[in-house]
Structure formats: structure tokens, C-alpha cells
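[1] task: produce atomic coordinates for the following.
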Amino acid sequence: MALSVERIETAGPRNVLGPRHQNRLIIAPQDHRPYSPFLFLAEDWFAPPAGFPTHPHRGMETVTFVLEGQMLHEDHTGAHGELEAGDVQFMTAGGGVMHSEMPGLGGVHSLQLWLNLPAAQKMTPARYGDQRASETALVTGQGYEVRLYAGDLGGQVRPHGSLWPLALMDLRLEAGATLDLPLKAGWRGFLLVLEGEAKVAAAATPVRTDQHAWAHAADADDILPVKAQTPARALFYAAPVIDEPVVAHGPFVMNTVDEIRQAFLDYQTGRLTTAGA
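    Residues are numbered from 1 along each chain as shown. So this is what the prediction gives:
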């Protein structure tokens, strides 16, 4: 039995944040429960001198997808790398990370997802891993191809690079092509249409460019059918729901206000990256 669509939402407007930096919020809920475990999704276009110099995080993960250009990143351990178009970075902030994300000379167009962690994993040691587009599994069928960054599809399985389980797929479909996306019991997922339009499950209206459709497999493994109305490209994200309180403030995502206060105190006293060690 195919899932139904819970809701279809539209990305917010572009905003100018400064010289050579534009941003819009695709997911920015006030109430996190209907979106769990997804906290936030931002789209950025930025070029030098703009960027995200060294800054902190605790209690969550980021999944950064480079759509165009080049992103340079470093963290408090001295590790660094470069992400090109089609590459993805999975970063676990855990108990604390200090990192930077800066554009290459030609700039970068990126999507960054904030993924929650359950209380038992919020203070885990920080880590990250880059996944190259060339390293992804390619799943093909009649009228479609899918780059599988994490999850399973068509008999192929790709381990998730995040600490909290996550499926991530880049879909390209010809007009009229159909594809059944798997959604495991207890998982929530959303399909973000980057180009074109597609019918998702039995929704009355198609999901168009800059819109995203949500579904939740509450009780059993299920599928989310997608049919392209035009040539389309979309990203599919899915992960298990985390049924816990969320208190988010600035770069920190915890379960209580006291934990947020402690995160700021640890940051101000230079203990953010060692407090959970």
C-alpha cells in the first residue's frame, strides 16, 4: 500500500545576507515535531569574500550537498577538504565542533540540512566524512537514474555517512517515468524538487520546482510513488523520527534549556570540543 503525502510546502524567498551571499530557508519550522528528525534546510549561494568562518555546533549533524561550485572546509582538529559539485559532506557535531565552510574562487551553491540526534548521542565525539559523487552507487531504470548517497534502492545499499540513519538520493527522471521510493517503518521523508514537477503518491497537485512533499511511514515499511510530469530532478531525504523534546538556539540543538546554557558556557570558556571527551 503506497503512502499518502502529509503536506506540500514551498521554499522561502531568497534573501541577501551580504556582499556576494544570498540565502533562503527551505525548511525552518517553529514546531519541530511534524518534521522530526529534520531540523532545518538552507540553500546558499556565496562567493569570496562571503562564507561561514569558524563557528561552533553541538547536538546535531549537518549534511551538506554541493549543487554547483566548490566548498572548502576545515575543523578544530586541523582536518580539511574540498567539495565539488555533486559531493556531500556528513558532519556529526556531537558534543562539539568548531568548523568553517568557505567558497572556492568561483563561489558555491549548496544545500545544508540539519539533522537531529537523540539525547543518547548528542555528546558523541565530533566527526565528518566527505562522499564524492564519483563514489556513489548509480541505480537506473526505465526513464530514471538515481545517485544513491545513503540508503537502499533497487537492490543496492549505501551505508549512511551520518551517525543517525539517513537515506539520501539524487533523482533524475524523464517525463512520464515512475519510481517507488522506499520508506521504512518509523521513518519520515521528504522529496525536494529542484527542477520540473512530479506527482507524489496520490497528492491532488504535482510538486513543482522549489517545493517539497512530506510522508511518514508510521507503522510498517512502505513506498512513496513518484511520477515525473516533466523532466525532473529531485532530492529524497528520509530518517527515523526522534520522539524527544527539541530546544534549539543558534548553533546548538539540545533537549533542555539548561543543556543549551551549558553549550554556550562551554563555548565561551573554550571547552566546547572537549566537554564530552
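
[2] neighbours of Leu183, how many?
    For Leu183, the neighbour count with other Cβ atoms under 10 Å is 23. C-beta coordinates here come from the backbone N, C-alpha and C atoms, glycine included.

[3] quick check: closest non-adjacent residue to Arg158.
    Nearest in space to Arg158, with sequence neighbours left out and distances taken as Cβ to Cβ, 6 or more residues apart in numbering, is Leu148 at 4.7 Å.

[4] partner strands of the helix or strand containing the one you found, with direction?
    Leu148 is part of strand 144-153 when elements are defined by DSSP states H and E. Strand pairing for strand 144-153, using DSSP bridges, gives strand 137-141 (antiparallel), strand 156-158 (antiparallel), strand 167-173 (antiparallel).

[5] and these, which is most packed in?
    Most buried of these by mean neighbour count (mean count of other Cβ atoms under 10 Å) is strand 167-173; its value is a mean of 23.

[6] go through the helix or strand that it is followed by and flag the buried ones.
    Scanning forward in sequence from strand 167-173 by DSSP H and E, the next helix or strand is strand 178-183. In terms of neighbour count (16 or more other Cβ atoms under 10 Å), strand 178-183 has its buried residues at Leu179, Leu181, Pro182, Leu183.

[7] what's the answer for stretch 120-139, then?
    For stretch 120-139, by 16+ other Cβ under 10 Å, it's 121-124, 126-128, 130-131, 133, 136-137, 139.

[8] who are the neighbours in contact with the residue nearest the centre of the chain?
    Central residue of the chain (Cα atoms, centre = their mean): Leu113, 3.0 Å from the mean position. Neighbouring residues of Leu113 by Cβ atoms under 8 Å, 6 or more residues apart in numbering: Ile27, Phe38, Phe40, Leu41, Thr62, Val63, Thr64, Phe65, Tyr237.
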